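**Student:** Need a 3D model of the following:
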Amino acid sequence: MNGTVELQTEGRVAWLTLNHPERHNALTADSIEQLIGHLEALRSDPDVRVLVLTGAGDRTFCSGMSLPQVQAGEIDPGTFESLARCLAEFPLPKIAALNGDAYGGGAELGICCDLRLGVEGMKIRVPAARFGLCYPASGIQRFVEELGLSAARRILAFAETVDARELLHIGYLHGVCDAPELAGQARDMAERIAGLAPLAVSAMRELCRGAATGALDPARARDWAERCNRSGDLAEGLAAALEKREPRFRGK
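**Tutor:** Predicted coordinates:
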């Protein structure tokens with residue numbers, strides 16, 4: 001657990017924590033490398049079914065890339081795009097537990113996750129237009145796909161600061177709670193998802209994304225349906241329902 005990113009595993013749930021609160025959990029070259037390394041390692045962990053991404057401290061989830069490192073040329077902006085792609089393409093369900101404000105790339109880390117929980121009083125802002133920057137196209141695509149054109153334009157092109165209640169309204173957040181309750185709510189959500197049939201979850205996550213982007217492949221959808229229908233998980237789920245017990249899914 002050394003470094004500015006901590007990885008902890010609790011049963012079937014992995015927790016990645018940005019742990020540099022005195023710097024508002026800003027992303028440095030080292031922390032980006034650590035995050036990518038942890039994500040790659042978790043891909044091959046058969047026991048993990050859900051990922052929770054959060055930040056340390058009670059003020060900021062993530063303030064984006066470290067501006068001193070950017071100004072000093074110590075970090076390539078393309079490095080963040082690699083991290084965002086790695087997180088967006090991570091194959092397991094992802095929950096962002098936003099313990100505070102999210103700025104710039106920090107807001108995009110949330111967008112890369114399937115579900116986002118926030119705390120009362122938090123806000124997000126993507127200040128690229130205030131600096132004279134054009135936000136990366138890959139990030140713009142993610143914001144538009146997840147939130148729609150109108151909300152994405154407000155956040156990106158017009159650099160609006162958006163509070164927790166409005167974030168709920170536009171769909172950036174899926175729940176808001178008091179700060180002391182965040183970890184527990186994220187844990188409950190993660191455990192509930194971890195108890196679902198992994199194959200069915202994977203299938204519908206992929207197909208939902210395809211439907212949202214206009215890339216839904218009917219042949220791929222049929223393959224997923226057939227795979228789920230032949231799976232031991234389906235037999236287990238039906239048996240558990242008949243026997244009035246909790247299913248024990250294996251992802252096979």
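
**Student:** Spell out the residue ranges of the strands in the stretch 101-250 of the chain.
**Tutor:** Assigned by DSSP state E, counting those that start in this stretch, the stretch 101-250 of the chain shows strands spanning 101-103, 115-119, 123-125, 162-163, 175-177.

**Student:** The first one: which residues count as buried?
**Tutor:** Spelled out, that is strand 101-103. 101-103 (16 or more other Cβ atoms under 10 Å). Just so you know, the C-beta spots here come from the backbone N, C-alpha and C atoms, and that holds for glycine as well.

**Student:** and the residue lying closest to Gly175 once chain neighbours are set aside, how far is that from Ala14?
**Tutor:** Closest residue to Gly175 apart from its sequence neighbours, by Cβ to Cβ, 6 or more residues apart in numbering: Leu117 at 4.8 Å. In this view, Leu117 and Ala14 are 16 Å apart by Cβ to Cβ, to the nearest Å.

**Student:** Over to Ala197?
**Tutor:** From Ala197 to Ala14 the distance is 19 Å (Cβ to Cβ).

**Student:** Need the CA coordinates for the helix or strand harbouring Leu51. PDB is fine.
**Tutor:** Applying DSSP states H and E as the criterion places Leu51 in strand 50-55. Extracted in PDB, the C-alpha atoms of strand 50-55 (Å, rounded to 0.1, in the frame of the first residue of the first chain):
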ATOM      1  CA  VAL A  50     -16.400  -5.100  -8.600                       C
ATOM      2  CA  LEU A  51     -14.000  -2.100  -8.500                       C
ATOM      3  CA  VAL A  52     -14.600   0.900  -6.300                       C
ATOM      4  CA  LEU A  53     -12.500   4.000  -7.000                       C
ATOM      5  CA  THR A  54     -12.400   6.700  -4.300                       C
ATOM      6  CA  GLY A  55     -10.200   9.400  -2.800                       C
END
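
**Student:** Please tell me how far that strand is from the chain's geometric centre.
**Tutor:** 7 Å (Cα atoms, centre = their mean, to the nearest Å).

**Student:** Now do it against strand 115-119: the angle between them, please.
**Tutor:** For strand 50-55 against strand 115-119, the angle by axes from the mean of the first three to the mean of the last three Cα atoms, to 10 degrees is 30 degrees.

**Student:** quick one: buried residues of strand 50-55?
**Tutor:** For strand 50-55, burial by neighbour count (16+ other Cβ under 10 Å) applies to 50-55.

**Student:** now swap in stretch 93-101 and tell me
**Tutor:** Buried, per 16+ other Cβ under 10 Å, within stretch 93-101: 93-101.

**Student:** what about the helices in the protein?
**Tutor:** Using DSSP state H, the helices assigned to the chain run over residues 29-43, 67-71, 77-88, 105-111, 128-131, 137-147, 149-156, 164-170, 182-194, 198-213, 218-229, 232-243.

**Student:** To Thr60, which of the ones you listed lies closest?
**Tutor:** helix 105-111 (7.6 Å; Cβ to Cβ).

**Student:** Give me the buried stretch members for the closest one, please.
**Tutor:** 105-111.

**Student:** Make JSON lines from the helices of the chain and add distance to Thr9 and mean pLDDT to it.
**Tutor:** JSON lines is the format used below for these (distance: least, Cβ to Cβ, whole Å; pLDDT from 0 to 100):
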{"stretch": "helix 29-43", "distance to Thr9": "9", "mean pLDDT": "97"}
{"stretch": "helix 67-71", "distance to Thr9": "30", "mean pLDDT": "89"}
{"stretch": "helix 77-88", "distance to Thr9": "18", "mean pLDDT": "94"}
{"stretch": "helix 105-111", "distance to Thr9": "20", "mean pLDDT": "98"}
{"stretch": "helix 128-131", "distance to Thr9": "35", "mean pLDDT": "95"}
{"stretch": "helix 137-147", "distance to Thr9": "27", "mean pLDDT": "97"}
{"stretch": "helix 149-156", "distance to Thr9": "33", "mean pLDDT": "98"}
{"stretch": "helix 164-170", "distance to Thr9": "29", "mean pLDDT": "98"}
{"stretch": "helix 182-194", "distance to Thr9": "11", "mean pLDDT": "98"}
{"stretch": "helix 198-213", "distance to Thr9": "16", "mean pLDDT": "96"}
{"stretch": "helix 218-229", "distance to Thr9": "27", "mean pLDDT": "97"}
{"stretch": "helix 232-243", "distance to Thr9": "22", "mean pLDDT": "97"}
